[in-house]
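[1] starting from these lines, generate the structure:
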Amino acid sequence: MKYDQIPNSLFIKNRKKFMDRMQPKSIAVFNSNDIYPISADSVLPFEQHRDIFYLSGADQEETILVLFPDSINKKNREILFVRETNEHIAIWEGEKLTKEKAIEVSGIQNIQWLKDFDKTFFDLMTEAKTIYFNTNEHYRQAVETETREDRFIKKCKQQFPAHLVAKSNPILQEIRGVKEPEELELMQMACNITEKGFRRLLGFVKPGVMEYEIEAELVHEFVSNRSKGFAYPPIIASGNNANVLHYLENNKACNGGDLILMDVAAEYANYSSDLTRTIPVNGKFTKRQKEVYNAVLRVKDDATKMLVPGTLWAEYHKECGKLMTSELLGLGLLDKADVQNENPEWPAYKKYFMHGTSHHIGLNTHDYGALKTPMKANMVFTVEPGIYIPAENMGIRLEDDVVIQQKGEPFNLMANIPIKADEIEELMNR
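    Predicted coordinates:
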């Protein structure tokens with residue numbers, strides 16, 4: 001891996017938090033992701049399942065974590081199964097986890113080879129009453145592919161039909177949403193790498209540059225700083241492309257007088273950052289562009305102040321809508337009649353700002369975290385309002401990642417990344 005090894009104290013804490021919430025005589029199993037084929041002998045780069053990584057630090061395919069806090073044999077309360085390595089594998093695929101290295105990475109003392117999983121697991125299940133399955137219940141999930149986890153669940157239900165079943169996901173939503181200090185440091189590292197990429201662009205962008213050339217500059221900077229690359233598919237949208245919320249083509253020329261909306265950020269050690277900035281191609285905002293830009297910035301700043309312990313996510317978004325409505329009235333994009341006659345299910349401001357303002361971020365860009373209960377300290381959220389005006393050939397979104405504090409305003413992990421219009425212009429025209 002490109003990143004520095006993470007202290008296993010983080011994963012030891014994470015496992016304890018999970019096991020403390022398990023039912024008596026229950027066992028939980030977590031599988032790594034598959035390596036997904038493209039065609040012929042080609043495959044996609046491996047990405048570890050974030051849950052097994054969160055609980056073990058194992059960043060390798062064909063890995064299984066078993067947690068059984070009530071096991072009669074104490075050594076079986078935590079077991080990590082890894083693929084047995086050998087000289088042939090080392091030559092063709094590179095270094096894999098040895099048992100000794102797996103102990104060092106995870107803090108788990110009982111490391112077994114994957115070939116021994118079925119026998120060991122059957123023995124453990126004779127002691128267990130309930131099994132926790134790790135189903136994907138994220139509110140944005142729309143997965144059609146049968147995963148390694150899915151296949152395990154199907155096989156386990158057939159083999160052990162008399163066991164009770166419980167869900168790992170509610171526990172993970174609760175504990176993954178509140179970050180440990182080590183996680184915040186890793187996320188800060190991802191944000192710092194993102195800052196380097198963004199500052200690089202401010203001296204590079206000019207009329208005529210291609211969107212994909214901007215993407216290439218970012219890849220260079222991110223990978224040079226020990227990131228795998230983008231935390232999510234990059235959006236580099238100039239002119240009216242910015243009004244396509246998930247524009248991914250990145251294949252158009254950037255014209256003088258237009259703005260470029262860039263939703264681009266680095267990962268580090270599997271932790272995401274999530275940045276959006278909008279800059280003028282020629283280094284100078286027009287008067288109208290700056291008016292809209294500053295309106296978005298005010299909404300972002302005011303929304304950020306509301307992210308405090310006790311805030312409810314749904315109510316927060318309603319308040320963000322009120323902030324945006326006020327700004328759109330000031331810009332002349334809405335009038336009082338629009339607001340008075342609006343559909344409560346689709347308020348007037350949604351014509352120009354149609355997405356949410358914030359989501360959890362961490363090991364996933366749209367991370368796990370409780371959304372129906374009050375916010376807590378050390379949750380990390382994006383703040384990303386936008387105004388999209390196709391008729392004026394512009395879309396502006398601004399986004400930072402912030403950590404909720406026990407008291408006071410959130411801590412901005414991206415506080416050092418330029419955002420004020422005047423500073424953007426100054427840096428672009430040096």
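[2] okay, now Glu315: neighbour count?
    11 (other C-beta atoms under 10 Å). C-beta coordinates here come from the backbone N, C-alpha and C atoms, glycine included.
[3] pLDDT (mean, whole number) over the helix or strand that it is a member of?
    In this structure, Glu315 sits in helix 313-330 according to DSSP states H and E. The average pLDDT within helix 313-330 is 97.
[4] list the buried residues for that helix?
    Within helix 313-330, the residues that qualify as buried are Trp313, Tyr316, Cys320, Gly321, Leu323, Met324, Thr325, Ser326, Glu327, Leu328, Leu329, counting by 16 or more other C-beta atoms under 10 Å.
[5] would you turn these into CSV with distance to Asp302?
    Shown next, in CSV, are the buried residues of helix 313-330 (distance: C-beta to C-beta, whole Å):
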residue, distance to Asp302
Trp313, 17
Tyr316, 11
Cys320, 8
Gly321, 12
Leu323, 5
Met324, 10
Thr325, 12
Ser326, 10
Glu327, 10
Leu328, 14
Leu329, 15
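[6] which single one of the residues you listed is nearest to Ala295?
    Checking the buried residues of helix 313-330 against Ala295 with C-beta to C-beta, the nearest one is Glu327 at 4.1 Å.
[7] how many neighbours does the residue nearest to that closest one when sequence neighbours are not counted have?
    Once flanking residues are discounted, Glu327 sits nearest to Ala295: 4.1 Å by C-beta to C-beta, 6 or more residues apart in numbering. Counted with other C-beta under 10 Å, residues neighbouring Ala295 total 21.
[8] would you confirm that Leu371 belongs to a strand?
    No. Read with DSSP: H, G, I helix; E, B strand; the rest coil, Leu371 is coil and lies in no strand.
[9] and stretch 237-244, how far apart are its ends?
    With C-alpha to C-alpha, to the nearest Å as the measure, stretch 237-244 spans 8 Å from end to end.
[10] what comes up buried for that stretch?
    Going by neighbour count (16+ other C-beta under 10 Å), the buried part of stretch 237-244 is Ala237, Ser238, Gly239, Asn240, Asn241, Ala242, Asn243.
[11] which of the residues you listed sit farthest apart?
    Put simply, by C-beta to C-beta the two of the buried residues of stretch 237-244 set farthest apart are Ser238 and Asn243, 11.1 Å from each other.
[12] now the helices: where do they sit in the stretch 101-250 of the chain?
    117-125, 148-159, 169-177, 181-202, 211-224 (DSSP state H, counting those that start in this stretch).
[13] need the CA coordinates for stretch 400-418. PDB is fine.
    C-alpha atoms of stretch 400-418 as PDB (Å, rounded to 0.1, in the frame of the first residue of the first chain):
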ATOM      1  CA  ASP A 400     -15.700  21.600   2.600                       C
ATOM      2  CA  ASP A 401     -15.400  18.700   5.100                       C
ATOM      3  CA  VAL A 402     -16.000  19.600   8.700                       C
ATOM      4  CA  VAL A 403     -15.800  17.800  12.100                       C
ATOM      5  CA  ILE A 404     -18.500  18.400  14.700                       C
ATOM      6  CA  GLN A 405     -17.100  19.700  18.000                       C
ATOM      7  CA  GLN A 406     -18.400  19.100  21.500                       C
ATOM      8  CA  LYS A 407     -18.800  22.800  21.800                       C
ATOM      9  CA  GLY A 408     -18.800  25.600  19.200                       C
ATOM     10  CA  GLU A 409     -18.600  25.600  15.400                       C
ATOM     11  CA  PRO A 410     -17.200  22.600  13.500                       C
ATOM     12  CA  PHE A 411     -13.500  22.200  12.700                       C
ATOM     13  CA  ASN A 412     -13.000  22.700   9.000                       C
ATOM     14  CA  LEU A 413     -10.500  20.100   7.700                       C
ATOM     15  CA  MET A 414     -10.200  22.200   4.500                       C
ATOM     16  CA  ALA A 415      -9.700  25.600   6.200                       C
ATOM     17  CA  ASN A 416      -6.400  26.000   4.300                       C
ATOM     18  CA  ILE A 417      -7.900  25.400   0.900                       C
ATOM     19  CA  PRO A 418      -8.600  28.800  -0.900                       C
END
